[in-house]
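Colleague: Everything below, folded, please.
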Amino acid sequence: MLRRSLTVAMLAAPLFLAACDQKPQAVAADPAVIARGEALFTGTCGAYCHKTTDTGGDALFLFDCDWKHGSTDEVIFKVINEGVEGTRMVAFGGAFPEGDKDTSALIAFLRSASQCKK
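Modeller: Got it, this is the predicted structure:
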């Protein structure tokens, strides 16, 4: 009985830890998710700081190939959620209506609208 409990615990532990770890969801191919991300960008990011065209300004242009703080989905997710100390980039963690799901949608939009096509 103890052996079975330990086996179940060992198998469940990675699932539990994964659920606790904030990581972006793989949603980039879903047009509805991309549309949600675009709406979030337009109403939040683009309304105050970031623009969809590279017109200069003090906020980084997010649709080119240059990512100052890292270009992986995980790093972008962290920057959106935690902000960047010493900059105008505030933390949005928990601020979006659908939480991490919205953060992932925002990343999906950024990827879909990128001018950096490989």
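
Colleague: okay, which residue is most central for this protein?
Modeller: F77 (3.2 Å; C-alpha atoms, centre = their mean).

Colleague: So it: helix, strand or coil?
Modeller: helix (DSSP: H, G, I helix; E, B strand; the rest coil).

Colleague: Touching, it and I107? I think so.
Modeller: Yes - counting by C-beta atoms under 8 Å, I107 is a contact partner of F77 at 6.3 Å. Any C-beta I mention is one placed from the backbone N, CA and C, and that applies to glycine too.

Colleague: correct me, but M89 touches V79?
Modeller: Yes - with contact defined as C-beta under 8 Å, M89 reaches V79; the gap is 6.8 Å.

Colleague: Could you tell me how far the host helix or strand of V33 lies from the centre of the chain?
Modeller: Per DSSP states H and E, V33 falls inside helix 31-40. Distance, stretch centre to chain centre, for helix 31-40: 12 Å (C-alpha atoms, centre = their mean, to the nearest Å).

Colleague: Tell me which helix or strand in the protein has the weakest average pLDDT.
Modeller: In the chain, no helix or strand scores lower on mean pLDDT, DSSP states H and E than helix 2-20, which sits at a mean of 38.

Colleague: Return the set of buried residues in the helix holding V33.
Modeller: 33-34, 36-38, 40 (16 or more other C-beta atoms under 10 Å).
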